[in-house]
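Undergrad: Take this sequence and fold it.
(chains A, B, C and D)
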There are 4 protein chains.
Amino acid sequence: MEKIRVGVVGAAGYAGEELLRLLLRHDRVEITAITSRKNAGSPVETVFPRFTGSGLTFVEPSAEDLAKKCDVAFLALPHGLAAEYAIPLLKFGVKVIDISADFRLRSTAKYEEYYGVPHPEPELLKEAVYGQPERYREALKGARLVACAGCYPTSIILASAPLLASKLVKPTNIVASSMSGVTGAGRKVDLAYIFPECNESLKAYKVCGHRHLPEIEQELAVAAGVDEIAMNFIPHLVPANRGINSTILFDAAEGCTLEKIEEVYHKAYDNEQFVRVLPAKKCSDTKYVTMTNVCEIGFNYDAHTNKVIVTSVIDNLTKGASGQAIQCMNIMFGFPESTGLL
Amino acid sequence: MEKIRVGVVGAAGYAGEELLRLLLRHDRVEITAITSRKNAGSPVETVFPRFTGSGLTFVEPSAEDLAKKCDVAFLALPHGLAAEYAIPLLKFGVKVIDISADFRLRSTAKYEEYYGVPHPEPELLKEAVYGQPERYREALKGARLVACAGCYPTSIILASAPLLASKLVKPTNIVASSMSGVTGAGRKVDLAYIFPECNESLKAYKVCGHRHLPEIEQELAVAAGVDEIAMNFIPHLVPANRGINSTILFDAAEGCTLEKIEEVYHKAYDNEQFVRVLPAKKCSDTKYVTMTNVCEIGFNYDAHTNKVIVTSVIDNLTKGASGQAIQCMNIMFGFPESTGLL
Amino acid sequence: MEKIRVGVVGAAGYAGEELLRLLLRHDRVEITAITSRKNAGSPVETVFPRFTGSGLTFVEPSAEDLAKKCDVAFLALPHGLAAEYAIPLLKFGVKVIDISADFRLRSTAKYEEYYGVPHPEPELLKEAVYGQPERYREALKGARLVACAGCYPTSIILASAPLLASKLVKPTNIVASSMSGVTGAGRKVDLAYIFPECNESLKAYKVCGHRHLPEIEQELAVAAGVDEIAMNFIPHLVPANRGINSTILFDAAEGCTLEKIEEVYHKAYDNEQFVRVLPAKKCSDTKYVTMTNVCEIGFNYDAHTNKVIVTSVIDNLTKGASGQAIQCMNIMFGFPESTGLL
Amino acid sequence: MEKIRVGVVGAAGYAGEELLRLLLRHDRVEITAITSRKNAGSPVETVFPRFTGSGLTFVEPSAEDLAKKCDVAFLALPHGLAAEYAIPLLKFGVKVIDISADFRLRSTAKYEEYYGVPHPEPELLKEAVYGQPERYREALKGARLVACAGCYPTSIILASAPLLASKLVKPTNIVASSMSGVTGAGRKVDLAYIFPECNESLKAYKVCGHRHLPEIEQELAVAAGVDEIAMNFIPHLVPANRGINSTILFDAAEGCTLEKIEEVYHKAYDNEQFVRVLPAKKCSDTKYVTMTNVCEIGFNYDAHTNKVIVTSVIDNLTKGASGQAIQCMNIMFGFPESTGLL
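TA: Numbers count the residues shown, from 1 in each chain, chains lettered A, B, ... in the order given. Presented below is the predicted three-dimensional model:
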C-alpha cells in the first residue's frame, strides 16, 4: 500500500504533538518532515519523549524544502503565520491542511474586523474548504486548501447546525457558553497559563468578540439558510488539560418537541462515525471523549422558557484540531475516513 | 466582651468545616456544640485535623440539648433534614441560621413543585428572612430564622439584582451559566464525585429545573419589581475544589450603556465590604475570592447582540455558604458586619 | 486471521475500562464476554459512553458461562475475588490473566502474613507465571495462569532488576518512594477518594507493610540472586488521574559508575519495545507515558552519599495493569508482542 | 497600640502575595511600602485583585527609600538579588527578614559550591539568624538579619531535628523524599510550569545537589551534634498549588521504639503553637495545613528494616515562607508569636 508523504509545520506545540501521535499510527502516511524554528536540529524526543524511536528530527520550516518532501502539509501555527506558509506551499503544489484560523472566514471584511489587518490572500479565502467533514465532505474530496474548523466552533457548530437547518429552533438569540481546558491556549509560555494561575481558577474571558465568534456565526448562518447570525459566544478557561464543553441555548420554534429534536440529530448523525448523540435529557461530559475524535451531543427542552438546551463536548486537540485535520486528509486522499483515528 | 453561644449542626461536612474555620477566629462567639451523627463522640480533629487544639467534640444532634447550650444554631444539613431541626429549635427560643434550601422559597407551591413534598411548616417560610445581607440587611436585624442564600443564587443574584432594579436590563430572556467546584456537592460519597470521575471532566448537569432555579427566579423578580421571572440557569461541574463562576446574559433595555451599568453597580456596592466591582470589561476570576467572603463582579456590553454580560464569582463555601451565614449572624446580633470575616 | 475469544471479568472498573479500550482495537481478539455484577444486563455505554457502538453488554460473572465463550479471561477484580474465578476457569480449560494480587507471591507464608488468610489454592501460586514480559517472557509462552505484576511493583522492578543483577548496587538498604494518581485506588466509592479530599492533597499512606511490598521484595531478590530482600516502599497519593512515579535509592557497590549503570540499562532494555531508558541524569515524567504501555527510566549517581538514584514512571492502568496484561496475552498466544499496544 | 512599619520587597510574587495576605490582618504592623520593579506605579489590585481596598501601590525597590519608610523589610526576592538589598538596608538600620536563600548557609565554601559565586558579604552569613522559631527563638529576639528557613528544609528539619538530637536515629543514611506544589517554583513564567505541563505530571527533579540540600544538612548536623551530615534529598513536582509533603527515612539507633519517638516529639513540640504531632502510625496530609502556619508530623517504625519513617507537611507559602517569616518578626519585635497567624 503506497503511503503519502506528510509534513507537520509547527510540530512542537500541542496540536503538533497530537498530529504526531495520530500520524505515527496511521498506516497510509509517512511523516517526512516536522518543523520547529526553536527546536530545529533536535530529535523529536528532546521535546516529546513519547516519540522516542520515531526517528524524526525537527527542521527549520521552509516551503521550498517542504515542497520537495511532502504531498500534504499540516500547518499547526499561530494565525497570521500559517498564511505565510500556505501561500507558497500551494504554489509548489503541496496540499495544505491549516489548523489555524487564517482561512476560515469567507468574508474579508470580517477577517479585517477581527484580526485588524487585511487578509494577505483573499482569493484563497474563497477557495479554502472549511474543514468539518460532517458538513463539507464532498468539497473536501477535491480540496487543495483546507481551513480546519476551530476547537470551540467544532463543538458548537456540530451541535447547532442540524437544529438550525431543521427550523426547530430560531436563528436569533443564540447563546453558546463554552469551557476549555488549558491546552486550548496552545503551548504558550505566559503568566496567565502557569499552573498556579490556572488551577482552582474558573473564569470567562473575551466575552465580547472572541475571534472564534465570526467563524461560528458564519457557519451557523449557512446551516440556518440565513444571511447573517449575530449570537453570543462566551468562552471560559477551567483547570483541565483537554476538553471543551459547550452549552448552547436556542429559542424553540413553534412545534418544537424533544422527539423532533431527537429525530433531527439521529438523521444528521446516525451514519457519522465521530458524532455521538446521547439519549434525550442526558448531558455530555468531556471525559468520555478525551483522546478520541468524537463529538458527543446531549439535548434538552426547557418548557418553562421554551428553550432548547444542547450540550456538546470534544477533545479540543483531537476533534477540535489534529484529529479532525486527519479526518479531512483521509477524505482528500480517498482513505477510509476513520483511518488512524479509532 | 460577652460572647454568644453558637452551635453548628452538621459540622462534619464542608460547610460545617468552613463554619468552624471562621467561627474559631471570631472574637464574639463561643462554639458550644458541634453535631455529627456519624462522628458523635469523636473529637473534631479525627475528622478535621486542622482543628486540633480547639477542644471541640462532635455530639449527637438534639434540639433539646442544643437549646440548652446555644443562643444561635447554624444548620449545615441536607435539605429536608434542616427543617426537622429548625422547627423545634425555634420553639426552644434558639435563633436559627439555615444554610440548606429549606426556607428559601416564599411560595409553598414552588417548594412542592421542586422538592416533591409539601413544606413541613409553611408559616416559617413566611417568617424566614432570606440570608443575603446586601439585600435584606434591615430584616436580618430582627430575624429569628434566616434562610441563607444558596451558593449559585448568591453569585447570580448579587450580580443581577442592581441591574434589574435599575431597568437597564429586561427581566425576560435571562440566561445564567454557572460552573462550580466539587465541594459544591457537599462531602458526598458517590461515584460521580470521586477524583478520577471529576478530574479532566467538564460537564453541565440538571440544565432544566435545578433546585436553585426557583430561588434565583424569586429573588430576581423581587429585584426587578415584577411578579414572576422565568429564566435559564445552567450549572456545570468542573475540576476545582472551591469557587463558583456565573456568567449572566441580559437583554439590554433601551438607553443602556456601559457607563450607566457601572454607575448602577457602584451605587449598589461601593459601601459594601463584601462585593467588589471590577472595572468595565474585566472578567472576574474565582481564584481572587478563594477563602474570602467576597463576591467579585465584572460587566460588559455586547453591542452586536445588544446584551449585557455579567460575570460573578464567589467562594461557594464562604460567601456561598458559611461566610455569608456568619455575616448574617453578625447583623442579627449587632456585631460589626465583617467580624471574623476579614 | 483467526481471532481468539477473550472475556473481561470485572469490566466496570478502571482496569476493565482500559482493557476494553485496548482490546477493542486489538486485531487478533474478539471480546466475547464482559462481566459486572452491578451492571449486568446493561450495555457497556451506560457505564462508559466512549464504547458506544461496540455492541458489548455486561453479564453476570459465571465461570461456566465464561468457559463456553472464552479462550482466555482477564480478571480485573479485587484481590481475593480473583482467585474465586481463576480456579474454576482454569479447570474449564480457560487461560487466565489475573490483574489482581492473588497469585503474585510465591510464598504462601508471605501471602498469609500480608492478606491475613491462607491462600485458597497454594498449588496455583507455584504454577502462576509472574506477568512481567521483560523478565519472564519464556515462561509466559506456555502459561495457563498469569499473575500480572502490580502497578507500583512494575515501576520499581523494571528499574531495579537489571541494576541488582549487575551487582553495581547492593541488595540492602533499598528505598523506593512512589507517587500514584488516584485511579490506582480503583473505581472505589469512598470518602478518601472524592475529589475535594484528593485535590490539593499530598500524602504518604501505608508506609509500613503495603501489600505490594512482599511482591517487590520477592522479585528483587530473584533479580539480585539472593534469598531475601528487606527494603522500604513508601507509597504516596497525589492529585492526578493516571501515572506512577517511583524514585529508588540504592547503595552503590564498589566500582559503580554512571557509565556502567548506563551500559547495564541499555543491555537490558535496548531490545525492549516498552522500556525507555533516558540519558544519564535525566528524570522521568509520568506525562510522557500517559496512555502508553511504556516504562521510562532515568538514573543518577550521587557521589556525596555514594547512592544510585533511579526514577521510573508508568501509566498505572496501562503498563501497570491492562496494557501489560495484554502484552502477556500476546506472548501466550504467539502474537507480535506489541499488537494492540502502539 | 503602636504599630511597626513594614516593607515587602518583591511583593508581586507568591511569597509576596502571602505576606500581604497575612500582614494586612496583622494588628501590630502597618505596611508602608511594597515594591515590584515590573509593577511600580500600579495599585496592588492590578496584580492581586483580592487586595482591592488596601490602598497599597507598588513602588520601585530602593534601599534608601525603604529605609525612610520601614522598621523592617521582608525580602521576597530570588536568591542573589536579596543580598543586594539586605546589605544596604541593614546599613540604614532597617531590620531584614530574608525569605530567599542568600543568608542561610553558615559556610562560605558551601555557598560557593552550590551557587557558583563567592558570597557577597560573608560577615553577614555569620550574623544572620536562621529563621526557624522552634529552634532559634532566643537568637531571633535580638536579630537584625533573619535568613528564613527554606520551604523543603522547614518540613524536613522540623520533623528530623528532635529525633536526631535524641539519638534515637542515626545521623547517617538519611533519605528525605519530598513533593511540592507548583507555587514552590515561584510565580515564574517558564514552559515547565504552564498548566498542561504540570497537570497529570509526576516527576522528580534535581535529585543530586538541589540547593536546599546543604541547608538541610547544615541544620540536621547542628541538631545531631555532629560536624557534618551527608544525606539524600529528592524533590518532586506534583500537580497542586500549595503544599509540601516530606517523607524521611532514618536508620533507627539501638533501643529505638515507637513510644520513645512519640515522647521525643511531644517533648519537642507540645508547647509549640505551629507544630502538630499526629498519633503514632498516622501519616500527615498537606490538605490539613493549607493556608495555615502549621507543620504536621507523623511517625512510624518499620521493624522489618529497622527504619524510622517520618512524614511532615507544610503549606510551602505559609510555614514554608511568609508565615514563618512573620512568626520570626513577631519574635524579633516582642509581639505574641502567633499574632496575625491564626
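Undergrad: In which helix or strand does residue A:7 reside?
TA: Secondary structure from DSSP states H and E places residue A:7 in strand A:4-9.
Undergrad: ok, the residue of the stretch 1-150 of chain A found nearest chain B - how many residues close by?
TA: Minimum separation of the stretch 1-150 of chain A from chain B (Cβ to the nearest Cβ) falls at residue A:113, amounting to 10.4 Å. (C-beta placed from N, C-alpha, C; glycine too.) Residue A:113: 12 surrounding residues under other Cβ atoms under 10 Å in any protein chain shown.
Undergrad: Do I have it right that it meets residue A:211?
TA: No. Residue A:113 lies out of contact with residue A:211 (Cβ atoms under 8 Å); the separation is 10.2 Å.
Undergrad: State the distance from residue A:194 to residue A:17.
TA: 19 Å (Cβ to Cβ, to the nearest Å).
Undergrad: Same drill for these two, tell me which one is more crowded.
TA: A direct count of neighbours by other Cβ under 10 Å for residue A:194 and residue A:17 places residue A:194 higher, at 26 against 22.
Undergrad: Which pLDDT does the model give the nearest residue to the more buried one once chain neighbours are set aside?
TA: The shortest distance from residue A:194 to any non-neighbouring residue, by Cβ to Cβ, 6 or more residues apart in numbering or on different chains, is to residue D:193 (4.6 Å). For residue D:193, the pLDDT comes out at 98.
Undergrad: and residue D:193, how far is that from chain B?
TA: Distance, residue D:193 to chain B, by Cβ to the nearest Cβ, to the nearest Å: 16 Å.
Undergrad: Give me the neighbour count for that residue.
TA: 22.
Undergrad: Contacts only, for residue A:290.
TA: Residues near residue A:290 by Cβ atoms under 8 Å, 6 or more residues apart in numbering or on different chains: A:242, A:243, A:315, B:200.
Undergrad: Could you measure from it over to chain D?
TA: Taking Cβ to the nearest Cβ, one finds residue A:290 at 11 Å from chain D.
Undergrad: Is it correct that that residue falls within a strand?
TA: No. With DSSP: H, G, I helix; E, B strand; the rest coil as the criterion, residue A:290 is located in coil rather than a strand.
Undergrad: Tell me how far it lies from residue B:342.
TA: 42 Å.
Undergrad: quick revisit: show me the contact partners of the strand holding residue A:7.
TA: A:16, A:19-20, A:23, A:28-35, A:61, A:66, A:69-77, A:85, A:94, A:329, A:333.
Undergrad: Need the CA coordinates for it. PDB is fine.
TA: Extracted in PDB, the C-alpha atoms of strand A:4-9 (Å, rounded to 0.1, in the frame of the first residue of the first chain):
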ATOM      1  CA  ILE A   4       1.500   9.700   1.100                       C
ATOM      2  CA  ARG A   5       4.300  11.900   2.400                       C
ATOM      3  CA  VAL A   6       3.200  14.400   5.100                       C
ATOM      4  CA  GLY A   7       4.800  17.300   6.800                       C
ATOM      5  CA  VAL A   8       3.900  18.900  10.100                       C
ATOM      6  CA  VAL A   9       4.800  22.600  10.200                       C
END
